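K.L.:
Kindly return the folded structure for what I paste below:
(chains A and B)
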There are 2 protein chains.
Amino acid sequence: MRAEDRFVERLREALPPDERLRLGPGDDAAVVQCAAGPLVVTTDTLVEEVDFLTGEDPKRLGRRAVSVGLSDLAAMGAWPEFFLLTIGFPDSAREDLPLVLALAAAKRAGEFGAILAGGDLSRAAEVFLSTAIWGRPSGQVLKRSGARPGDGIFLSGWPGDAAAGLAIARARDAEPASGEGSWTPEGLGPPDETALLAAYRDPEPRLPLGRSLALEDLATAVIDVSDGLGADAGRLARASGVRLVIESESLPLSPALLAFARLAGRDPVEMALGGGDDYELLFTVPASKAGRFADPPPEWGVAVRRVGRVESGTGAFLEEERGMRPIDELGYDHFGVAP
Amino acid sequence: MRAEDRFVERLREALPPDERLRLGPGDDAAVVQCAAGPLVVTTDTLVEEVDFLTGEDPKRLGRRAVSVGLSDLAAMGAWPEFFLLTIGFPDSAREDLPLVLALAAAKRAGEFGAILAGGDLSRAAEVFLSTAIWGRPSGQVLKRSGARPGDGIFLSGWPGDAAAGLAIARARDAEPASGEGSWTPEGLGPPDETALLAAYRDPEPRLPLGRSLALEDLATAVIDVSDGLGADAGRLARASGVRLVIESESLPLSPALLAFARLAGRDPVEMALGGGDDYELLFTVPASKAGRFADPPPEWGVAVRRVGRVESGTGAFLEEERGMRPIDELGYDHFGVAP
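P.N.:
Numbers count the residues shown, from 1 in each chain, chains lettered A, B, ... in the order given. Coordinates of the predicted model:
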């Protein structure tokens, strides 16, 4: 049997049966059972040496590929149902690499009740993983475009932790090519190091939070922070036709990030605004509903804090003691240079 | 504005509005309107120097990326509704490359009434395009698994023409790396050369044929021939638990392929069995329904011919004067070496 067909057979054997999947991997396409109504669809890709470091553990990588796609659904207030997985890999890869990646991805999706419907394998010069995920809105669809002057700005989690985790991962990586931006975390406490590495390597899609925002109609606009808080705040501002002002004293900086930044001689505010890979939700909330966030329910699984305010105008800014400065050009641009 | 966001704005301006698309490119995910029932989903990827040659015209490439995905839907008897497009491209690419690719892909899908719902951009060392396409079955879903002994085997189009087209495209390519397997077509008539190049560069998804097979319940099993007639016949045989016998004297070899093979000193039968990139439909038909193919309707847009028979047993074979030989290990393996 051909290696590709062996892969499909092993995958089919390993995946639990699910009645929603009428025809799974192994034919020209998959067939899923679909209810009437709006379908939320997204696609995301991780590329070696762009989105992850060469030599990354394949189980961690398969899991992360799904998590970053699920983060998009969280930002729409949707819950996932199915996904497709494409894996590119070089001739030099071990034959079981695609299987390890696919099973880790399927397991991660399964934590949220979503199933692997099918996919594609391709030879490539570098490893890449692309997911297409679709799901259902929980109540209304959350968009980037509804923020209004007077709304508060809220953010889940700790921006910048993932950027610090990436710097640590790079420092651990023996590859000289990935040494840029790295820092060997001598002196950083192991709990801080573990927390920062986990923020980068194993982001948690904020699906329960997104579902609550949609079901309880709490947010006027939502975006997931993937390219950096500054860049994504700028996107929400532009889509809504408003100005976003992040208040410097409200910007949440984790104790781990502060310890890292102090030891590494880096500015934690710059890391929080421009670091990327956070996969947290940034959203705007009318004043009448801000009280809901005083005591967030445990199922959200993350702290949610007010970080600023919406004004009339354009752009995204950080308000500091010395004045306002634009932040929407910070962060990662898929067309250009990483920060 | 960031280059990535400029891309999305230009894309949105260029795409025609469609009421099925409730939220198009530019948010965290797209939202499409979905009717109840089975949904057929597939994903396909084209990678530079694996599936296409460096320097390929981006309009042709965007079009081809959609065509090869649609071929999978054709093999399921499904018709496309919408698709997602992921584009990986190097820093060195022109800024308008993703836009040219995306608009060409959207235009091709539009020929069949399908729309671009969203996508993703990523930096990468090489260009790649990945599509995820959704559609609806036309009547029953066509699988690989229903062939029965006594069925006839049918094939659309001319197998091997795309392999000859690839050899010609490689010969025209100035890159030394892609010289292997190439042949400068001196002496080949321009109409033959044009036909072979088109078979490789611009495959036609057999959606009308697939729809007829599904609606009229003509086929017991269907596969699209993408990795080579031998390999894909082997897959259909294994999925159905039968033996496929391709009869040598019935194997359709185009006049263009025969001219090419004669001038290039290659075996046209080997090219037809192992060449790949054909994107034709191979399917099995009960004897009672074989008459439907005596006078194929013009909307199929392609010749359909009987090429062999289904027997009890296993494997795929070519029946020649000197006996039977296995053909299911020929063709392209995504894990290994191209033919």
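K.L.:
okay, now the domains of chain A?
P.N.:
As given by automatic domain parsing, the domain ranges for chain A are A:3-137, A:152-326.
K.L.:
residues contacting the residue of the stretch 101-250 of chain A found nearest chain B?
P.N.:
The nearest approach of the stretch 101-250 of chain A to chain B comes at A:A132, 3.4 Å away (Cβ to the nearest Cβ). For glycine as for every other residue, the C-beta is placed from the backbone atoms N, C-alpha and C. Contacts of A:A132 were listed using Cβ atoms under 8 Å, 6 or more residues apart in numbering or on different chains, and they are A:41-43, A:69, A:83-84, B:41, B:43, B:84, B:132.
K.L.:
wait, what's in contact with A:A164?
P.N.:
Listed by Cβ under 8 Å, 6+ apart, the contact set of A:A164 reads A:196, A:199-200, A:256-257, A:260-261, A:264, A:271, A:275.
K.L.:
closest to B:V307 among the residues you listed?
P.N.:
Nearest to B:V307, judged by Cβ to Cβ, of the contacts of A:A164 is A:Y200 at 53.9 Å.
K.L.:
That closest one: helix or strand, and which one exactly?
P.N.:
Element membership for A:Y200, per DSSP states H and E: helix A:190-201.
K.L.:
swap in A:G308?
P.N.:
In the assignment (DSSP H and E), A:G308 maps to strand A:304-311.
K.L.:
what comes into contact with the next helix or strand after that strand?
P.N.:
Counting by DSSP H and E, the next helix or strand C-terminal to strand A:304-311 is strand A:316-320. Here strand A:316-320 makes contact (Cβ under 8 Å, 6+ apart) with A:230, A:233-234, A:236-237, A:243-248, A:251, A:269, A:273, A:308, A:324-328.
K.L.:
Quick one: the helices in the stretch 201-339 of chain A, in order.
P.N.:
Counting by DSSP state H, counting those that start in this stretch, one finds helices in the stretch 201-339 of chain A at the ranges A:207-215, A:229-240, A:255-264, A:268-274.
K.L.:
Isn't A:D202 up against A:R64?
P.N.:
Yes. At 6.6 Å, A:D202 counts as touching A:R64 under the criterion of Cβ atoms under 8 Å.
K.L.:
So which of those two has more stuff around it?
P.N.:
Using other Cβ atoms under 10 Å in any protein chain shown as the criterion, A:D202 and A:R64 rank with A:R64 on top: 25 against 14.
K.L.:
hmm, which of the contacts of A:A132 are the buried ones?
P.N.:
Taking 16 or more other Cβ atoms under 10 Å in any protein chain shown as the criterion, what is buried in the contacts of A:A132 is A:41-43, A:69, A:83-84, B:41, B:43, B:84, B:132.
K.L.:
Identify the farthest-apart pair in those residues.
P.N.:
Across the buried ones among the contacts of A:A132 (Cβ to Cβ), the longest gap, 14.7 Å, separates A:G69 and B:V41.
K.L.:
Secondary structure element for the closest residue to A:D277 other than its chain neighbours, which one?
P.N.:
Closest residue to A:D277 apart from its sequence neighbours, by Cβ to Cβ, 6 or more residues apart in numbering or on different chains: A:A162 at 3.9 Å. Per DSSP H and E: A:A162 is located in helix A:161-172.
K.L.:
now that helix: how far from the chain's centre is it?
P.N.:
Taking Cα atoms, centre = their mean, to the nearest Å, one finds helix A:161-172 lying 16 Å from the centre of the chain it belongs to.
K.L.:
Mind listing what's buried along it?
P.N.:
In terms of neighbour count (16+ other Cβ under 10 Å), helix A:161-172 has its buried residues at A:161-171.
K.L.:
Now pLDDT and distance to B:S212 too, for these, in JSON lines please.
P.N.:
What follows is the buried residues of helix A:161-172, written out as JSON lines (pLDDT from 0 to 100; distance: Cβ to Cβ, whole Å):
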{"residue": "A:D161", "pLDDT": "97", "distance to B:S212": "56"}
{"residue": "A:A162", "pLDDT": "97", "distance to B:S212": "52"}
{"residue": "A:A163", "pLDDT": "95", "distance to B:S212": "55"}
{"residue": "A:A164", "pLDDT": "95", "distance to B:S212": "59"}
{"residue": "A:G165", "pLDDT": "95", "distance to B:S212": "55"}
{"residue": "A:L166", "pLDDT": "92", "distance to B:S212": "53"}
{"residue": "A:A167", "pLDDT": "91", "distance to B:S212": "58"}
{"residue": "A:I168", "pLDDT": "91", "distance to B:S212": "59"}
{"residue": "A:A169", "pLDDT": "90", "distance to B:S212": "54"}
{"residue": "A:R170", "pLDDT": "87", "distance to B:S212": "56"}
{"residue": "A:A171", "pLDDT": "84", "distance to B:S212": "61"}
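K.L.:
Nearest to B:S122, out of these: which one, please.
P.N.:
Using Cβ to Cβ, the buried residues of helix A:161-172 come closest to B:S122 at A:L166, 16.5 Å.
K.L.:
Closest one of the contacts of A:A132 to B:G189?
P.N.:
B:G189 has its nearest neighbour among these in B:T43, at 38.4 Å by Cβ to Cβ.
K.L.:
Dihedrals phi and psi, that closest one?
P.N.:
In terms of degrees, to the nearest 10, the main-chain angles of B:T43 are phi -140, psi 140.
K.L.:
For it, give me the pLDDT.
P.N.:
Note for B:T43: predicted pLDDT of 96.
K.L.:
Which strand residues bridge it?
P.N.:
Counting by DSSP bridges, B:T43 forms beta bridges with B:A132.
K.L.:
Identify each of the strands in chain A and give its residue range.
P.N.:
Along chain A, counting by DSSP state E, strands occupy A:21-23, A:30-34, A:37-47, A:78-89, A:115-123, A:128-137, A:152-156, A:221-225, A:243-247, A:280-285, A:304-311, A:316-320, A:323-326.
K.L.:
quick one: buried residues of the strand holding A:G308?
P.N.:
A:304, A:306-310.
K.L.:
That one: partners in the sheet, and parallel or antiparallel?
P.N.:
Here, using DSSP bridges, strand A:304-311 pairs with strand A:152-156 (antiparallel), strand A:243-247 (antiparallel).
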